[in-house]
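> next input, structure requested:
(one chain, ligands or ions: 2)
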Amino acid sequence: MSPDTSVVDDPTETAVEMEQDSYLRLRGVSKEFPVAAGTVTALDGIDLSLPKGGFGALIGPSGCGKSTMLRLLADLLPPTSGTIEINGRPPSEARKERQIGFVFQDPTLLPWRSVLDNVRLPEQVSGRTAGFSGLTPMELIELVGLAGFEDARPSQLSGGMRQRVAIARALVLQPEVLLLDEPFGALDEITRQRMNIELLSIWSQTGVTALLVTHSIGEAALMADTVFVLSARPGRIAEVVDVDLPRPRTLEMMNTEAFNAAENALRRALFGGGE
Ligand SMILES: Nc1ncnc2c1ncn2[C@@H]1O[C@H](COP(=O)(O)OP(=O)(O)OP(=O)(O)O)[C@@H](O)[C@H]1O
Ligand SMILES: [Mg+2]
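Ligands and ions are numbered 1, 2, ... in the order given. Predicted coordinates for the structure are as follows:
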């Protein structure tokens, strides 16, 4: 597919595209998996868009296709139908250029490598560095609050610290897009909230476009500009909820009317409609 600029000759259409300013975009995306009994439809007709530097959250019941959607965006799986664009190009190109950082639910660190060598791994595997404008592995380790732990092994770190290493590693090639699959799902509530605030600060300092999968209504409301609420399988976008809270977000904001309103809107979208 050609980028919009080269195929669109209708100026109004170009204007609409630009106005929407979408950096991540899924159009009519479906994903089916072959299984013994036939096929499982994990995602069905997903339309989603997120502007450059935006923060989106995906929320929905277990099995509704959230992880699948991240894998499609990261070019780890092909869609069955529909189109996916990252800055107007297919995910395969973004992946080739290492523009996608992925943080999995389990940190998946190499246990025999130090923190620093885990963070360096993508550079070593790809044979490239983030370049002049990027942060060095050591700077990233500082950014995620692990200065002094660069020589530690993963087994010497807490779960939250390991996830921070995984975030630093996902950022080392200075990706344009950061995909986060329940990165703090295994942590206690207090640690998780602190990590969320740290993640927001990293996001604003790097300018990366972030999409976070979460099971937590509060987390979605705290982090995102836009929350995409998915329905149960097959996953469809049930509702798109904009969170109207100023930046930078703080934990104190969780006690405000605006935060409650966002949480209620999400709760209604998830549980409303008599389901
Ligand atoms: N490789 C696969 N082969 C067959 N079915 C799959 C495969 N990957 C996912 N599925 C199915 O697709 C559906 C969506 O799975 P997915 O992991 O995306 O859900 P999820 O929303 O991330 O769930 P959770 O919140 O529990 O992590 C599930 O029914 C799952 O069984
Ligand atoms: Mg999942």
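> what bridges to residue 51?
residue 22 (DSSP bridges).
> what residues are up against it?
Residue 51 is in contact with 20-23, 209, counting by CB atoms under 8 Å, 6 or more residues apart in numbering. Heads up, the C-betas are built off the backbone N, CA and C, glycines and all.
> what parts of the stretch 1-150 of the chain come near ligand 1?
33, 35, 40, 42, 62-68 (CB under 6 Å from any ligand atom).
> ok, residue 201 touching residue 248?
Yes - counting by CB atoms under 8 Å, residue 201 does reach residue 248; the two are 7.4 Å apart.
> quick revisit: which of the residues of the stretch 1-150 of the chain next to ligand 1 fall within strands?
33, 35, 40, 42 (DSSP state E).
> show me which of those residues is closest to residue 181.
Minimum distance to residue 181 across those is 14.3 Å, recorded for residue 42 (CB to CB).
> list the contacts of the residue in the stretch 101-250 of the chain that ligand 1 sits nearest to.
Going by CB to the nearest ligand atom, ligand 1 is nearest to residue 233 of the stretch 101-250 of the chain, at 5.4 Å. Contacts here follow CB under 8 Å, 6+ apart; on that basis residue 233 touches 40-42, 63-65.
> switch those residues over to JSON lines; also include neighbour count and distance to residue 108.
Conversion of the contacts of residue 233 to JSON lines gives the following (neighbours: other CB atoms under 10 Å; distance: CB to CB, whole Å):
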{"residue": "40", "neighbour count": "15", "distance to residue 108": "25"}
{"residue": "41", "neighbour count": "17", "distance to residue 108": "28"}
{"residue": "42", "neighbour count": "23", "distance to residue 108": "22"}
{"residue": "63", "neighbour count": "14", "distance to residue 108": "22"}
{"residue": "64", "neighbour count": "22", "distance to residue 108": "23"}
{"residue": "65", "neighbour count": "28", "distance to residue 108": "21"}
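> just to revisit the earlier point, would TSV of the ones in strands among the residues of the stretch 1-150 of the chain next to ligand 1 with pLDDT be doable?
TSV is the format used below for these (pLDDT from 0 to 100):
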residue	pLDDT
33	96
35	92
40	94
42	96
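> can I get stretch 78-88 as CSV, trimmed to CA atoms?
The C-alpha trace of stretch 78-88 is given here as CSV (Å, rounded to 0.1, in the frame of the first residue of the first chain):
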residue,chain,number,x,y,z
PRO,A,78,-0.4,-11.1,10.4
PRO,A,79,-4.0,-9.9,10.4
THR,A,80,-6.6,-12.1,8.7
SER,A,81,-8.2,-9.0,7.1
GLY,A,82,-8.0,-5.2,7.4
THR,A,83,-5.0,-2.8,7.3
ILE,A,84,-2.6,-1.7,10.0
GLU,A,85,-0.5,1.4,9.6
ILE,A,86,2.3,2.9,11.7
ASN,A,87,3.0,6.3,10.5
GLY,A,88,1.3,5.4,7.2
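> from residue 210, how far off is residue 86?
Taking CB to CB, to the nearest Å as the measure, residue 86 falls 13 Å from residue 210.
> overlap in contacts, the two.
Common neighbours of residue 86 and residue 210 (CB under 8 Å, 6+ apart) are residue 177.
> strands of the stretch 1-150 of the chain, start to end?
Counting by DSSP state E, counting those that start in this stretch, the stretch 1-150 of the chain has strands at residues 22-35, 38-51, 55-59, 81-86, 100-103.
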